[in-house]
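K.L.:
Need the 3D shape of this:
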Amino acid sequence: MGTFSIRPVATSDEQADFLAVPAYVYRHDVRWVAPLESSIAKQFSEENSFFQYGKLQQFVAYQDEQPVGRIVAAINERLIEREKNSVGLMGFFECINEPSIGQALLDHATNWLRDQGMTLARGPIDLSTHNNCCFLADGFDSDPMVMMPYNPSYYLELMEANGWQKAKDAYAYDLPLDKPLPDSFERGYKISQRAGITFRTINLKGKAFEQDCRHIYELFTTAFSHNWSSSARTEAEFMEEAKDLQTLVDTDIFVIAEDPKKESENKMVGFFMALPDYNIALKHVKGKLNICGILKFLWHKRKIDQARVLAICTLPEYSRKMVALAVVYLGMKGGTEKNPPYKRSELSWVYEDNMRSRNIIENTGATIYKTYRIYEKALV
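P.N.:
Numbers count the residues shown, from 1 in each chain. The predicted structure follows:
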């Protein structure tokens, strides 16, 4: 192993090196799907609203002047306020299989957090759990689906050797779509209909799209406000993220449940949110959505035959009206009856102790096929 050094990112050249690290680390890994460099770079621009309530420090590891590793230490004041605890975040970690370099990167991140007064480090979390988070801990024998993390297995060894301990696991479920759902889901749909619940797909144009997104934000915030390690998002932040996904939505697999009898303006009481597995196309883009990348994406997009279910969300008071079962039934029905149909779906990710969601997912016949992990390390 050649000599190495760890440098804080302070120049545009070092920022370019930071963005280039993953392509070097995964250059021989056939399963890795490169994230769009522009989307990663955007998170470190002054336009990112994170800098209104947080701060961070990027580090790059160099071996004989080749960037071979990176890490970010971050402080999210919203998370600290919510947990009433001085917890700092570690994220964007990538490193070649050289333990001494990985250890040095982790040490630089935790030392920075300690200097900022943090007493606990948690990660990997890229600024918040609304972004990329978790290390893949089991299930390395298949490609990651869209917006899901992927990493070499040796990352877990690096973390544990550095004194990090498991904080929480999350699961991804695999559901082949060659068989219908159990009858209980269709019965749930009929019960919801008799209770007066109506169902439709999301609107994707103009003011109707914006209104749907605002209502989804309200519902999402209500239903998931107590999620572990989650920090609040403003409506403006949520809307910005929604606009980034607007052109990617397949309305056949995005179902909204409404209660017309509800007195408030927002009659939305549940939704089933899924996306086509765009990783099948993005794998050929190699992180650069230039003209050539766009053409490759459009060509390979035609081959997408699987989808990822990102969220199944219903208000708790509508559980007896079987809204959760109903939206799952309609979402899966929409995916299997389209032409061509989706052949499989991934339902991800769900925390290991979220038994309400896990029970619904497991009742579909889905089985755990990947495990993800978030670690913590005491800094005192």
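K.L.:
How about Gly335, nearest residue that isn't a chain neighbour?
P.N.:
Once flanking residues are discounted, Gly335 sits nearest to Tyr342: 4.2 Å by CB to CB, 6 or more residues apart in numbering. From N, CA and C alone the C-beta is placed, and that goes for glycine too.
K.L.:
now Ala281
P.N.:
Nearest residue to Ala281 in three dimensions, chain neighbours excluded: His300, at 4.0 Å (CB to CB, 6+ apart).
K.L.:
Test my guess that the one you found contacts Asn279.
P.N.:
No - His300 is beyond contact range of Asn279, at 10.1 Å (criterion: CB atoms under 8 Å).
K.L.:
which one of those two has more residues nearby?
P.N.:
Higher neighbour count among His300 and Asn279: Asn279, with 20 against 16, using other CB atoms under 10 Å.
K.L.:
what sits against that one?
P.N.:
Each residue near Asn279 by CB atoms under 8 Å, 6 or more residues apart in numbering is listed here: 33, 143-146.
K.L.:
Show me which pair in those residues is furthest apart.
P.N.:
Of all pairs drawn from the contacts of Asn279, the greatest distance, 10.3 Å, lies between Asp143 and Val146 (CB to CB).
K.L.:
Between the two, which has more neighbouring residues?
P.N.:
Shown here are Asp143 and Val146; by other CB under 10 Å, Val146 has more neighbours (20 against 14).
K.L.:
What score does the more buried one have for pLDDT?
P.N.:
Looking at Val146, its pLDDT is 97.
K.L.:
Quick check: it touching Ala281?
P.N.:
No - if you go by CB under 8 Å, Val146 and Ala281 don't touch, sitting 9.5 Å apart.
K.L.:
check which helix or strand covers the residue lying closest to Thr367 once chain neighbours are set aside.
P.N.:
Once flanking residues are discounted, Thr367 sits nearest to Asp174: 5.9 Å by CB to CB, 6+ apart. Secondary structure from DSSP states H and E places Asp174 in strand 165-176.
K.L.:
Check the secondary structure at the residue nearest to Gly335 for me.
P.N.:
With DSSP: H, G, I helix; E, B strand; the rest coil as the basis, Tyr342 sits in coil.
K.L.:
likewise Val327?
P.N.:
Assignment for Val327 (three-state DSSP): helix.
K.L.:
how far away is the residue lying closest to it once chain neighbours are set aside from Tyr329?
P.N.:
Distance criterion CB to CB, 6+ apart; nearest residue to Val327, sequence neighbours excluded, is Phe272 at 3.8 Å. Separation of Phe272 from Tyr329 (CB to CB, to the nearest Å) stands at 9 Å.
K.L.:
One more: Glu241?
P.N.:
From Glu241 to Tyr329 the distance is 27 Å (CB to CB).
K.L.:
what do you get for Ile312?
P.N.:
Separation of Ile312 from Tyr329 (CB to CB): 11 Å.
K.L.:
ok now the strand holding Asp174, how far from the chain's centre?
P.N.:
Relative to its parent chain, strand 165-176 has a centroid offset of 12 Å by CA atoms, centre = their mean, to the nearest Å.
K.L.:
I'd like the average pLDDT over that strand.
P.N.:
On average, strand 165-176 scores 98.
K.L.:
likewise stretch 216-233?
P.N.:
On average, stretch 216-233 scores 88.
K.L.:
Other residues contacting it?
P.N.:
By CB under 8 Å, 6+ apart, stretch 216-233 touches 76, 78-79, 82-83, 122, 125, 128-130, 167-168, 235, 238-239, 242, 256, 266, 268-271, 273, 311, 313-316, 351, 374.
K.L.:
Let's see that with 7 Å instead.
P.N.:
Contacts to stretch 216-233, defined as CB atoms under 7 Å, 6 or more residues apart in numbering, come from residues 76, 78-79, 82, 122, 125, 128-130, 168, 235, 238, 266, 268, 271, 313, 315, 351.
K.L.:
Then stretch 113-129?
P.N.:
In contact with stretch 113-129 (CB under 7 Å, 6+ apart) are residues 43, 50, 54, 73-76, 85-93, 110, 132-135, 167, 229-231, 374-380.
K.L.:
likewise stretch 90-101?
P.N.:
Taking CB under 7 Å, 6+ apart as the rule, stretch 90-101 contacts 1, 4, 21-22, 25, 61, 63, 68-74, 102, 105, 109, 121, 123-127, 152, 154, 158, 161.
K.L.:
In ChimeraX, how would I select the buried members of these?
P.N.:
A single ChimeraX command selects the buried members of these (16 or more other CB atoms under 10 Å):
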select :4,21,22,25,61,63,68,69,70,71,72,73,74,102,105,109,121,123,124,125,126,127,152,158
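K.L.:
now the helix or strand hosting Gly331 against strand 165-176, angle please.
P.N.:
If you go by DSSP H and E, Gly331 is part of helix 323-337. Inter-element angle recorded for helix 323-337 and strand 165-176: 50 degrees (by axes from the mean of the first three to the mean of the last three CA atoms, to 10 degrees).
K.L.:
Alright, I will stop here.
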